[in-house]
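>>> here is my input, please return the structure:
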Amino acid sequence: MTKNKKLILLFLTIIMIVASITFRITIKEKNRVRSFERFQDEAKEVSLQFDRDLLNSNSSYEFLNDYNLGANGSLVVVDSKAVVLFHPIEDLVGENVPIPEITEMVEASLNQQNKDEKDLFFTYVFNDSEKMVYLHNVNDQEILLIVALIDSYESMLSRE
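Residues are numbered from 1 along each chain as shown. Alright, predicted model coming up:
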């Protein structure tokens, strides 16, 4: 094989590798965006149901145990000072939220004048896991946090 043919084969191989990597990154990013969209849609539905159920429960959060969100979503209720009022792990009730990103977003929600801007969506990393949060400001006293791992939504979408 001549030197020119070897160079052409090497060049074509490099192009194929770059194209393959670019394709995988593009697919992963599309799945990530779809994950966010799906999570937000589900979280908005859960927050509407939460509002209805809260009116009928005299502020008891036990009804939250009946909610399902994605493969591993959890629901947490905090007050305006980011103290946990409800958490699936009962030992955390009464504790301050140990995640600065959540505390900052609770404060940001409380400072918004427009009710439409009081519900926020954001991501954070905790224990090497990236999580999505939908923060639903119920009444400036009770704030619903809907939390899910991004990976769990991406894996759900890849199976569909």
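>>> hang on, residue 135 in a strand?
Yes - counting by DSSP: H, G, I helix; E, B strand; the rest coil, one finds residue 135 located in a strand.
>>> change the start of the numbering to 34 and stick with it
Will do, 34 is the new start, and the previous item becomes residue 168.
>>> quick one: the nearest residue to it once chain neighbours are set aside from residue 135, how far?
Nearest residue to residue 168, sequence neighbours excluded (C-beta to C-beta, 6 or more residues apart in numbering): residue 153, at 4.5 Å. Quick note: C-beta positions are derived from backbone N, CA and C, even for glycine. In this view, residue 153 and residue 135 are 10 Å apart by C-beta to C-beta, to the nearest Å.
>>> again with residue 40
55 Å.
>>> residues contacting the closest residue in space to residue 151 that isn't next to it in sequence?
Spatial nearest neighbour of residue 151, excluding adjacent residues (C-beta to C-beta, 6+ apart): residue 170 at 3.7 Å. Residues near residue 170 by C-beta atoms under 8 Å, 6 or more residues apart in numbering: 142-143, 145, 151-152, 176.
>>> which one in these is the model shakiest on?
Ranked by pLDDT, the contacts of residue 170 bottom out at residue 151, which has 74.
>>> what helix or strand is the residue nearest to residue 96 when sequence neighbours are not counted on?
Using C-beta to C-beta, 6+ apart and skipping residues adjacent in sequence, the residue nearest residue 96 is residue 86, 4.8 Å away. Applying DSSP states H and E as the criterion places residue 86 in helix 36-88.
>>> packing partners for the very next helix or strand once past that helix?
Remark: after helix 36-88, the chain's next helix or strand is strand 107-111, criterion DSSP H and E. Applying 3 or more C-beta pairs under 8 Å, 6 or more residues apart in numbering; DSSP states H and E, we find strand 107-111 packed against strand 117-119, strand 176-182.
>>> comparing those, which comes out most buried?
With neighbours taken as mean count of other C-beta atoms under 10 Å, the helices and strands packed on strand 107-111 reach their highest mean count in strand 176-182, at a mean of 23.
>>> identify the residues contacting it?
With contacts defined as C-beta under 8 Å, 6+ apart, strand 176-182 is touched by 72, 76, 79-80, 83, 102-113, 135, 139, 142, 162-171.
>>> okay then, goodbye and thanks.
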